[in-house]
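Novice: Sequence first, predicted model second:
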Amino acid sequence: MTTLTFKELGLSDDILTALEKKGFEQPSPIQLETIPMLLANTHDLIGHAQTGTGKTAAFGLPILESLDPTSGPIQALVLTPTRELTIQVSDELHSLKGKKNLTITPVYGGQSIMNQKKQLKKRNDIIVGTPGRLIDHLKSKNLDLSHIKYLVLDEADEMLNSGFIEDIELILSKTNADRRTLLFSATMPKPILSLANRYMGDYKTINIKKETLATTLTEQIYFEVRESDKLEALCRIIDVEAEFYGLIFCRTKRDVDRITEKLIHRGYAAEAMHGDLSQFQRERVLGKFRKKICSILVVTDVASRGLD
Ligand code: AMP
């Protein structure tokens, strides 16, 4: 199947170089639909899409392309439901901007508010953040969102589930009405559509089906084993890899703790991560995993949200 290239979607050389460096060869389906639309006209957008579809680059590339590196005020705001996703989105945007002189600043709870305040005094082009901490800064007048060109609501359904809808409305009320609003959500429950109808202009909807996730580079294998043989099978899989480095998903926190304990007992460098860990503990564990001090991270899918 022939598909358009990133260049044919209208991206400039700087960004194309960054994409090459990242190893993105072809646009994913959501990128094929979103990038030309965002570059060409001024509609708002609802993207019905999950994590893994390449949605960050789908909204990020056209935003990075169209922002002005000499502008003063904050030009774009990306709201995400979790600190991890904030960091992930901000890192992804940073790696996609290439040499373009744009500052992307993550703002989330659990970090020193004073340091954030200092950073917010400088020039920031794109702010990526969680609603709670952004409201703190809005209330203390550290943050001026009255000149933004883009507002992105990422994983809107997760923000709804975390009880952030009122916070989002408050943040929206502090932004200029002529901003362009992009909303991404894996599901489209009524409160999300109602939010869109109240706060978004004339919008287009893009639906990306689950089958078209950007995982064609991932080989998927399953093994049928008896419940009682599962741990043994897992250890074999880890052992056959020359250097196993990966995530193990469990359904419950109890399973996470149980499996981690058993793996550690057998001498594997495993760590557990689930919702019971404090932010500090999560960052510590993630840091160890990133530095490969631990090579096996056992997680619940909730705790892993936003992990890249
Ligand atoms: P996202 O859905 O934005 O969380 O992206 C999921 C993963 O796919 C991230 O690791 C991206 O860096 C990666 N990705 C996004 N677009 C592409 C692409 N066109 N080619 C290869 N990888 C991609």
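Specialist: Here it is on my side, so go on. Numbering: from 1, shown residues only.
Novice: Touching, residue 269 and residue 298? I think so.
Specialist: No: assessed by Cβ atoms under 8 Å, residue 269 is found out of contact with residue 298, at 11.4 Å. Backbone N, C-alpha and C define where each C-beta goes, glycine included.
Novice: more crowded one of the two?
Specialist: Neighbour count, other Cβ atoms under 10 Å: between residue 269 and residue 298, residue 298 has more, with 26 against 15.
Novice: Over to residue 207: give its phi and psi.
Specialist: phi -110, psi 120 (degrees, to the nearest 10).
Novice: ugh, wrong one, I meant residue 145
Specialist: Per degrees, to the nearest 10, the backbone of residue 145 is at phi -110, psi 20.
Novice: which of the residues in stretch 274-285 are buried?
Specialist: Neighbour counts over stretch 274-285 (16 or more other Cβ atoms under 10 Å) mark 274, 277, 282-283, 285 as buried.
Novice: residues in the stretch 1-150 of the chain within reach of the ligand, list them.
Specialist: Contact residues (Cβ under 6 Å from any ligand atom) of the stretch 1-150 of the chain with the ligand: 24, 26-28, 31, 51-57, 92.
Novice: follow-up on the earlier one: with pLDDT, secondary structure and distance to the ligand as new columns, can the buried residues of stretch 274-285 be given to me in JSON lines?
Specialist: Conversion of the buried residues of stretch 274-285 to JSON lines gives the following (pLDDT from 0 to 100; DSSP: H, G, I helix; E, B strand; the rest coil; distance: Cβ to the nearest ligand atom, whole Å):
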{"residue": "274", "pLDDT": "85", "secondary structure": "coil", "distance to the ligand": "21"}
{"residue": "277", "pLDDT": "83", "secondary structure": "coil", "distance to the ligand": "22"}
{"residue": "282", "pLDDT": "86", "secondary structure": "helix", "distance to the ligand": "19"}
{"residue": "283", "pLDDT": "86", "secondary structure": "helix", "distance to the ligand": "20"}
{"residue": "285", "pLDDT": "91", "secondary structure": "helix", "distance to the ligand": "20"}
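Novice: what's the most distant pair in these?
Specialist: Spatial extent of these (Cβ to Cβ) is set by the pair 274 and 283 at 14.3 Å.
Novice: Look at residue 208 and report its pLDDT.
Specialist: Looking at residue 208, its pLDDT is 87.
Novice: Please, where are all the helices along the stretch 51-200 of the chain?
Specialist: Using DSSP state H, counting those that start in this stretch, the helices of the stretch 51-200 of the chain run over residues 55-66, 83-96, 113-121, 131-139, 156-161, 165-173, 190-199.
Novice: Make TSV out of these and add distance to residue 206.
Specialist: What follows is the helices of the stretch 51-200 of the chain, written out as TSV (distance: least, Cβ to Cβ, whole Å):
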stretch	distance to residue 206
helix 55-66	9
helix 83-96	18
helix 113-121	32
helix 131-139	24
helix 156-161	14
helix 165-173	21
helix 190-199	13
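Novice: beta partners for residue 105?
Specialist: residue 127 (DSSP bridges).
Novice: Quick check: pLDDT value at it.
Specialist: Reading off the model, residue 105 has pLDDT 97.
Novice: how much space between it and residue 261?
Specialist: Using Cβ to Cβ, to the nearest Å, one obtains 39 Å as the distance from residue 105 to residue 261.
Novice: Compare these two and say which is more crowded by neighbours.
Specialist: Using other Cβ under 10 Å, the more surrounded residue of residue 105 and residue 261 is residue 105, with 18 against 13.
Novice: so who does the closest residue to residue 62 other than its chain neighbours touch?
Specialist: With sequence-adjacent residues excluded and distances taken as Cβ to Cβ, 6 or more residues apart in numbering, residue 62 is closest to residue 38, at 3.6 Å. Contact partners of residue 38, counting by Cβ atoms under 8 Å, 6 or more residues apart in numbering, are 45, 59, 62-63, 66, 182.
Novice: closest to the ligand among those residues?
Specialist: residue 59 (8.9 Å; Cβ to the nearest ligand atom).
Novice: my guess is that closest one contacts residue 49, does it?
Specialist: No: counting by Cβ under 8 Å, residue 59 sits too far from residue 49 to count as a contact (10.1 Å).
Novice: list residues touching both of the two?
Specialist: residue 184.
Novice: so who does residue 54 touch?
Specialist: Applying Cβ under 8 Å, 6+ apart, the residues near residue 54 are 27-28, 30-31, 214.
Novice: For residue 223, give me the backbone phi and psi.
Specialist: According to degrees, to the nearest 10, residue 223 has phi -120, psi 130.
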